[in-house]
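Asker: Below is the structure, and that's it, no one-letter string:
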């Protein structure tokens, strides 16, 4: 009975206040879209990290005739040096950081190169001799690259130690900036949404001052008086949240899945599945913000 | 039923704006009392203290045995369910019928449909509007609208009924109708406290009169009238109790009134 009453009052508020409610829906929609976009870009970074870091290794290149590094002294790496390097890789200090390592000879390097650049004209110009031999080191935590670098870069026979991730970092940086920009816009829009929700609830409370005065004096509980207004704000925000989730889904479906991903097969992109991860968060943010701004507004403008 | 013990109410911390000043009043169960006084004398503050819309700055307000300054705010709604309130301007919901307006007071405290169906007709009958249940408030006269307001105030069967200038917007005929309804409610055992300016009604209905002036009780008479009683000395030396204004209208030859005193000098 009472719940029915509360819901009916909330519906009445939504109807009476339709213009303001629509604006709350729209502002919430836009702000949550930006929140979602920022989150999805972050997920995209993680996705790429996960994908690439698994495949990325630290390459410990060994000296050959053409090396200019001081560790090499212009000579090709010797067997003794090779064993020494392997000893360092196996040592107790480095073992906790290294998942596995493998030796790659010039011939293997050439084979991998051919695989990777099948369709390129480079293939004809490269000979096995030009490619350095190396140890390919996979790390337990790719972020711990400096430890390996420090331990090996001064060892004789090691040309340079190259972390392949450094190349990716530039791409990540770009996505991170985009994500941060979306987050900033999201914050500004959320402030708008909170203020607008507050104003809308305030208007709604003024509209129904007569009802609330009567309710107060006949002894209706605080919940009965305030809940219709809070529900009104929450429903408007929820609609905004649903619209935002839908928009993000459409963006991922048609822009990422159908276009970017199909045109860049080798790159790991997020998909519409990730939207299902983000959407509940958006709805919760919408509900929480609407509740907070309604409660704060009612505290100021609705005597109980 | 309602008891004020050394109650003071100050709106500004500077102590200059005293709304009530050391009030001591006790209104018993089943009493009918008029609260009179000029605008700003403290009547509204008095009523809002009873409703616990405000807390007094000093002293204790007891309603139905509870010290209102002590009860936590979540208990206030329960307190108010035992108090009916009648507004000067009726405060009816225009889009609802008479029945629904009265039912509203029950709905919002979670009464069941069955209870509503049972009690609303009773309340409407008590105020004499049982045949207008399906009308909208705008189709009724002012007096009828106020009676709807009264029905709404009593439908939850409160033991106290507060009325803030219930006849303030009504003509004489409608005011009398409303007064008769309030009297009937009082006779059924409900304590009635009515703030009013309607001196004719007060003098006519002869209930207890509590007069406030600048926040103080300057008069509290069982069976009082709107104007304060004054002692008038007749020319033959006998004394008579008369009501303020009417003293002047009283047979002028036989009286020594304030006016005459001025002329003599």
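Answerer: Received it, and whenever you're ready, just let me know what you need. Keep in mind that this is a model prediction, so the values were computed, not measured. Numbers count the residues shown, from 1 in each chain, chains lettered A, B, ... in the order given.

Asker: Low-confidence stretches in chain B?
Answerer: Along chain B, segments meeting pLDDT under 70 span B:13-16, B:228-232, B:240-265.

Asker: And the helices in it?
Answerer: Secondary structure of chain B (DSSP state H): helices at B:43-50, B:76-80, B:98-107, B:113-126, B:142-154, B:172-187, B:199-205, B:246-249, B:258-264.

Asker: Can you lay out these as TSV showing distance to residue B:10?
Answerer: C-beta: built from backbone N, CA, C; applies to glycine. Formatted as TSV, these follow (distance: least, Cβ to Cβ, whole Å):
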stretch	distance to residue B:10
helix B:43-50	10
helix B:76-80	21
helix B:98-107	33
helix B:113-126	38
helix B:142-154	30
helix B:172-187	32
helix B:199-205	29
helix B:246-249	36
helix B:258-264	35
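
Asker: what does chain A put close to chain B?
Answerer: A:1-2, A:5, A:210-211, A:213-222, A:224-225, A:303 (Cβ under 8 Å from any Cβ of the partner chain).

Asker: any idea how far residue B:54 is from residue A:197?
Answerer: Note on residue B:54: its distance to residue A:197, by Cβ to Cβ, to the nearest Å, is 30 Å.

Asker: who has more neighbours, the two?
Answerer: Set residue B:54 next to residue A:197 and count neighbours by other Cβ atoms under 10 Å in any protein chain shown: residue A:197 wins out with 31 against 14.

Asker: Leaving out chain neighbours, which residue sits closest to that one?
Answerer: Excluding the flanking residues, the one nearest residue A:197 by Cβ to Cβ, 6 or more residues apart in numbering or on different chains is residue A:293, at 4.4 Å.

Asker: tell me which parts of the stretch 51-200 of chain B are close to chain A?
Answerer: Remark: the part of the stretch 51-200 of chain B in contact with chain A comprises B:51, B:53, B:74, B:77-85, B:91, B:93, B:104-105, B:107-113, B:152-153, B:156, using Cβ under 8 Å from any Cβ.

Asker: And the buried ones among these, selectable in PyMOL?
Answerer: Remark: buried members of those, expressed as a PyMOL selection using 16 or more other Cβ atoms under 10 Å in any protein chain shown:
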select buried, chain B and resi 51+53+77+79+80+81+82+83+84+85+91+93+104+105+107+108+109+111+152+153+156
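
Asker: close enough to count as contact, the residue nearest to residue A:197 and residue A:198?
Answerer: Yes: contact criterion Cβ atoms under 8 Å: residue A:293 and residue A:198 qualify, at 4.4 Å.

Asker: one step back: state the helix or strand in which the residue nearest to residue A:197 lies.
Answerer: helix A:272-301 (DSSP states H and E).

Asker: Show the contacting residues for the closest residue to residue A:207 other than its chain neighbours.
Answerer: Nearest residue to residue A:207 in three dimensions, chain neighbours excluded: residue A:16, at 5.6 Å (Cβ to Cβ, 6+ apart). By Cβ atoms under 8 Å, 6 or more residues apart in numbering or on different chains, residue A:16 lies in contact with A:204, A:207, A:208.

Asker: Wait, a helix at the first one?
Answerer: Yes: counting by DSSP: H, G, I helix; E, B strand; the rest coil, residue A:204 is found in a helix.

Asker: Now do the same contact list for it.
Answerer: Counting by Cβ under 8 Å, 6+ apart, residue A:204 touches A:13, A:16, A:17, A:20, A:229, A:232.

Asker: For ChimeraX, what selects the buried ones among those residues?
Answerer: Buried residues within these, by 16+ other Cβ under 10 Å, are selected in ChimeraX with:
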select /A:13,17,20,229,232
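
Asker: Just put the contacts of residue A:204 in TSV and tack on secondary structure, pLDDT and distance to residue B:63.
Answerer: Shown next, in TSV, are those (DSSP: H, G, I helix; E, B strand; the rest coil; pLDDT from 0 to 100; distance: Cβ to Cβ, whole Å):
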residue	secondary structure	pLDDT	distance to residue B:63
A:13	helix	88	33
A:16	helix	88	35
A:17	coil	88	37
A:20	helix	90	39
A:229	helix	94	29
A:232	helix	93	34
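
Asker: ok, the contacts of residue A:204 vs chain B, which is closest?
Answerer: Using Cβ to the nearest Cβ, residue A:16 comes nearest to chain B of the contacts of residue A:204, at 10.7 Å.

Asker: from the chain's centre, how far out does the host helix or strand of residue A:86 sit?
Answerer: Per DSSP H and E, residue A:86 falls inside helix A:79-90. Centroid separation between helix A:79-90 and its chain, computed with Cα atoms, centre = their mean, to the nearest Å, is 40 Å.

Asker: what is the mean pLDDT for that helix?
Answerer: For helix A:79-90, the mean per-residue pLDDT is 83.

Asker: Enumerate the beta-bridge partners assigned to the residue nearest to the spatial centre of chain B.
Answerer: Chain B has residue B:194 as the residue nearest its centroid, 0.9 Å off, counting by Cα atoms, centre = their mean. With DSSP bridges as the criterion, residue B:194 is bridged to residue B:34, residue B:163.

Asker: Next: residue A:102.
Answerer: Assigned bridge partners for residue A:102, using DSSP bridges, are residue A:136.

Asker: what's the pLDDT at the residue sitting furthest away from the middle of chain A?
Answerer: Computed with Cα atoms, centre = their mean, the residue of chain A farthest from its C-alpha average is residue A:218, at 52.3 Å. As predicted, residue A:218 sits at a pLDDT of 93.

Asker: okay but it is in contact with residue B:81, surely?
Answerer: Yes: assessed by Cβ under 8 Å, residue A:218 is found in contact with residue B:81 at 6.9 Å.

Asker: So for these two, which residues contact both of them?
Answerer: B:109, B:156.

Asker: I figured residue A:291 hits residue A:232, correct?
Answerer: No: with contact defined as Cβ under 8 Å, residue A:291 does not count as touching residue A:232 (11.2 Å).

Asker: Surely residue B:17 is in contact with residue B:40?
Answerer: No: between residue B:17 and residue B:40 there is no contact under Cβ under 8 Å: 10.5 Å.

Asker: so how many other residues sit close to the spatially closest residue to residue B:29 that is not a sequence neighbour?
Answerer: The shortest distance from residue B:29 to any non-neighbouring residue, by Cβ to Cβ, 6+ apart, is to residue B:1 (4.6 Å). Residue B:1 has 19 neighbours, counted by other Cβ under 10 Å.

Asker: separation between residue B:1 and residue B:158?
Answerer: 11 Å.

Asker: For the stretch 151-265 of chain B, give the residue positioned nearest to chain A.
Answerer: Counting by Cβ to the nearest Cβ, the stretch 151-265 of chain B gets nearest chain A through residue B:156, at 6.4 Å.

Asker: what are the phi and psi values for that residue?
Answerer: Residue B:156 has phi and psi values of phi -90, psi 10 when expressed as degrees, to the nearest 10.

Asker: residues in contact with it?
Answerer: Residue B:156 makes contacts with A:218, A:219, B:81, B:84, B:105, B:106, B:109, B:111, as judged by Cβ under 8 Å, 6+ apart.

Asker: Now compare those residues and name the two farthest from each other.
Answerer: The span of the contacts of residue B:156, defined through Cβ to Cβ, is set by B:84 and B:111 at 14.8 Å.
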